[in-house]
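Chemist: would you be able to build a 3D model of this:
(one chain, ligands or ions: 2)
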Amino acid sequence: QPIYLADYTPPNWLIDDVHLTFRLAPNATRVVSRIAFRPNPDTASRDFFLHGEALTLIDARIDQKPVTPDLVEGGLRCSVPDAPFIWECEVEIDPANNTALEGLYMSSGMYCTQCEAEGFRKITYYPDRPDVMATFTVRIEGDMPVMLSNGNPVSQGPGFAEWHDPWPKPAYLFALVAGDLVNHPGQFTTRSGREVELNIWVRPGDEGKCAFAMEALKKSMTWDEDVYGCEYDLDIFNIVAVDDFNMGAMENKGLNIFNSSCVLASPETSTDANFERIEAIIAHEYFHNWTGNRITCRDWFQLCLKEGLTVYRDAEFTSDMRSAPVKRISDVIALRARQFREDNGPLAHPVRPESFVEINNFYTATIYEKGAEVIGMLKRLVGDDAYAEAVRLYFNRHDGQACTIEDWLSAFQDVTGRDLTQFKRWYSQAGTPRLKVTEDFKDGTYTLHFEQHTPATPGQPQKAPQVIPIAVGLLGPNGHEVMETTVLEMTEARQSFSFEGLTARPVPSILRDFSAPVILERATDNAERAFLLAHDTDPFNKWEAGRALARDGLIAQIREGAAPDAAYLDAIHAMARDDSLDPAFRALALGLPSQDDLAQTLADLGTTPDPQTIWEALETLRQARAQHCQDLATRLHAQFQVTDPYRPDAEQSGARALANAALGMISRLDGGAQAQRQYDAADNMTQQLAALSCLLQSGTGAEAVQRFYDQWRHDRLVIDKWFTLQIVHADPQDAAATAARLTAHPDFDMKNPNRFRATLGALAANPAGFHHASGAGYELLAEWLIRLDPVNPQTTARMCSAFETWKRYDAARQDMIAGQLDRILDTPGLSRDTTEMVSRIRGA
Ligand code: ARG
Ligand code: ZN
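Modeler: Numbering: from 1, shown residues only. Ligands and ions are numbered 1, 2, ... in the order given. As a prediction, this is how the structure comes out:
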């Protein structure tokens, strides 16, 4: 039952325009459609099939004459004229019982929709595929005070509202919202003078948490005009916050719908990290108006065409608004944690997959984040000017069309004259390339020898060499740069590059700015890493040197029982006290490799990772570091207290991040006394939550946990944090029990995806706890996935990835996980989503 990219055929019928009327009722909403179909001149078949799921057909007519369609699996068929005709249809749906949160559903008393990828077929019968684009006119009848759809408002009165979207779009961009909502208004004038009304719609009580998102929206609109020449194209832009939402947000034309956690913000309830994420997601959804909506995808295999590009664009935006190095380092941390992990396991798939069972399972780190890396590599290879020109050509050529990766690459080939055939392998080959480096130095010539190899992934035993842009700089022995960043273009399996005229053997800084999503393998020593941490001019590689130093020391602790590495402790102390460095950078450099990173590194080295040992090694290192940096931590914590009124900008959040990293060290020595003072005095969530984490960490958090709950029990988003924190900071042997206890808390609600993730997702985010030898973590997660599956298959399926690393563990753990995976698979009526995920993870 998989669908294949190779089987793509164009639609037999095209649509000129669509009229929809909704008569809203919680359990019996009527949807009346009137659709003008015409034959596609490019196809011969006149077979007429419309997608439809969970619909009750009330009436169907063709050119006003009643017809009786064949209701078939997944939709209906009907005999139709061999000429343009009008399809009219009425169906009934049940939004109040739609817990899958796909199609039209209800959340806290409001109606809302999520159609991407294939949810529109749960609203009415339709060719629910992205290459069928049409203009929509929507009439909503009901008693809700606010009733919204895509496009511009046409008219409204008591009990109805009408909307018209003049831009042809696929059904996945359709949206409808109706509820008792209040708006935070704004205004934007585009550079060609269009006055745009902006609104953020929220439930009453949340209106005080919209100002930040509104500013982010205006900044995004300006940035897209300035940097990409993209202007907004309707008279109104609406954003709605919804509590129950499977993903982060959705770019519906003119009516973006957001998970409330990705839009609502206030200093008291949101952390600096929340603010930054909200700004990025507002930008992401807004940028989709061009990269996704005006130019959309021909089919779902092309998902990275809009997602990779839009993630790349939102990263550029964040780099411009905040600190580019900090953004890059954070993105690489996330890429390695999620995408490398995916690429290395049973769920590995290409940036453009060639088959899928359920497309919702492919909204992955590979498609989004690796997809964005591929755009970044392309830009680095062709240069900024050619990139800008190619994007402009792509926009001009394909505005209003549903496109493919080939269309995108053609624009680059046409502008640059470059043959991108080999580059295209980044779209078709799964797996993370390993890049081995050796070097030699003779007679003033320094040579780097590279060898690339991509391990086999499911369905792809053999890999061909990729085009790898390798940004390299060279440093002299005194720490001065002797060669600025140069981009080497590797295309062969093995390739060498020489640099002449050097007076001494240089220290190389390879893969600057993380110029390609590969794993660099190079034998080097602590001294060189400490040297790069001190002297590299490239912020990413400076950070990377510290990270590698920490990682190697931890690996030695784990494998050889070594003591914490003195070279690391000295180097990190020198870095942290260097006041010429950005505090945000220092805070990042004080981070340590995650338990999951270390587990993978060990597996790559042929050592079966033991989660408990990894956890203990990190604890030991943190304790040693706290002692080593004792005075410095006290100094930093005091020095970086922010006294100005709270601002969530890069500067203040960098200061808070460094002060809180220092607090983490202090708490390991003072039993939480300083953290308690910070908790008591905190007037913003960043400070409060950091202090609470430290208290939990030092085992003195019980009282603060209770006070936190009493203070925030009426704020769902804050209570999500409360659930998560207790589980991620639980000791490994208590984590499953803590999660289990919290699933019994009256505020636990499995129907709310945020709450479910805050609880069961948090368990998976505590690796030593989740993988505890008792197997209690596995069992608890499996149990809840089985319970959630009939309610919300999409969220269930996504969370199965907690098991994706199972093959790296010992036989006892593998047996327990296999048992749980089989238990899930054996569940009667298991959804297609979860069945696909679990079977792929379980493997052959
Ligand atoms: N297009 C949305 C975004 O990237 C994500 C929607 C995902 N929806 C889904 N059902 N998988 O912002
Ligand atoms: Zn997106």
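
Chemist: got any ranges where the protein has weak pLDDT?
Modeler: For the chain, no stretch has pLDDT under 70.

Chemist: how about stretch 101-114: buried residues?
Modeler: 101-107, 110-114 (16 or more other Cβ atoms under 10 Å). The way it works is simple: take the backbone N, C-alpha and C, and place the C-beta from them, glycine included.

Chemist: wait, I meant stretch 679-687
Modeler: Applying a neighbour-count criterion of 16+ other Cβ under 10 Å, one finds 679, 682, 684-687 buried in stretch 679-687.

Chemist: the helices in the stretch 601-750 of the chain, which residues?
Modeler: In the stretch 601-750 of the chain, the helices defined using DSSP state H, counting those that start in this stretch lie at 611-628, 630-639, 650-670, 673-681, 685-697, 702-712, 716-728, 735-743.

Chemist: picking that back up, among the buried residues of stretch 101-114, which are in helices?
Modeler: Among the buried residues of stretch 101-114, no member is found in helices (DSSP state H).

Chemist: one step back: nearest to D206 among the buried residues of stretch 679-687?
Modeler: For D206, the closest of those turns out to be M685, at 15.6 Å, with distances computed as Cβ to Cβ.

Chemist: give the contact list for the closest one.
Modeler: Residues in contact with M685, defined by Cβ atoms under 8 Å, 6 or more residues apart in numbering, are 267-271, 274, 718, 721.

Chemist: could those residues be laid out in JSON lines, adding neighbour count, distance to ligand 2 and secondary structure?
Modeler: Conversion of the contacts of M685 to JSON lines gives the following (neighbours: other Cβ atoms under 10 Å; distance: Cβ to the ion, whole Å; DSSP: H, G, I helix; E, B strand; the rest coil):
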{"residue": "P267", "neighbour count": "18", "distance to ligand 2": "27", "secondary structure": "coil"}
{"residue": "E268", "neighbour count": "17", "distance to ligand 2": "29", "secondary structure": "coil"}
{"residue": "T269", "neighbour count": "18", "distance to ligand 2": "25", "secondary structure": "coil"}
{"residue": "S270", "neighbour count": "25", "distance to ligand 2": "22", "secondary structure": "coil"}
{"residue": "T271", "neighbour count": "21", "distance to ligand 2": "23", "secondary structure": "coil"}
{"residue": "N274", "neighbour count": "22", "distance to ligand 2": "19", "secondary structure": "helix"}
{"residue": "V718", "neighbour count": "19", "distance to ligand 2": "26", "secondary structure": "helix"}
{"residue": "K721", "neighbour count": "23", "distance to ligand 2": "25", "secondary structure": "helix"}
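
Chemist: what's the farthest-apart pair in those residues?
Modeler: The two members of the contacts of M685 with the most space between them (Cβ to Cβ) are P267 and K721, at 14.4 Å.

Chemist: residue numbers of the stretch 251-400 of the chain in contact with ligand 2?
Modeler: The stretch 251-400 of the chain has residues 307, 310 near ligand 2, with proximity defined as Cβ under 5 Å from the ion.

Chemist: just give me the neighbour total for the residue of the stretch 251-400 of the chain found nearest ligand 1.
Modeler: Residue nearest to ligand 1 within the stretch 251-400 of the chain: Y363 (4.0 Å; Cβ to the nearest ligand atom). Using other Cβ atoms under 10 Å, Y363 has 18 neighbouring residues.

Chemist: for it, which non-adjacent residue is spatially closest?
Modeler: Leaving aside its sequence neighbours, Y363 sits nearest to M247 (Cβ to Cβ, 6 or more residues apart in numbering; 6.9 Å).
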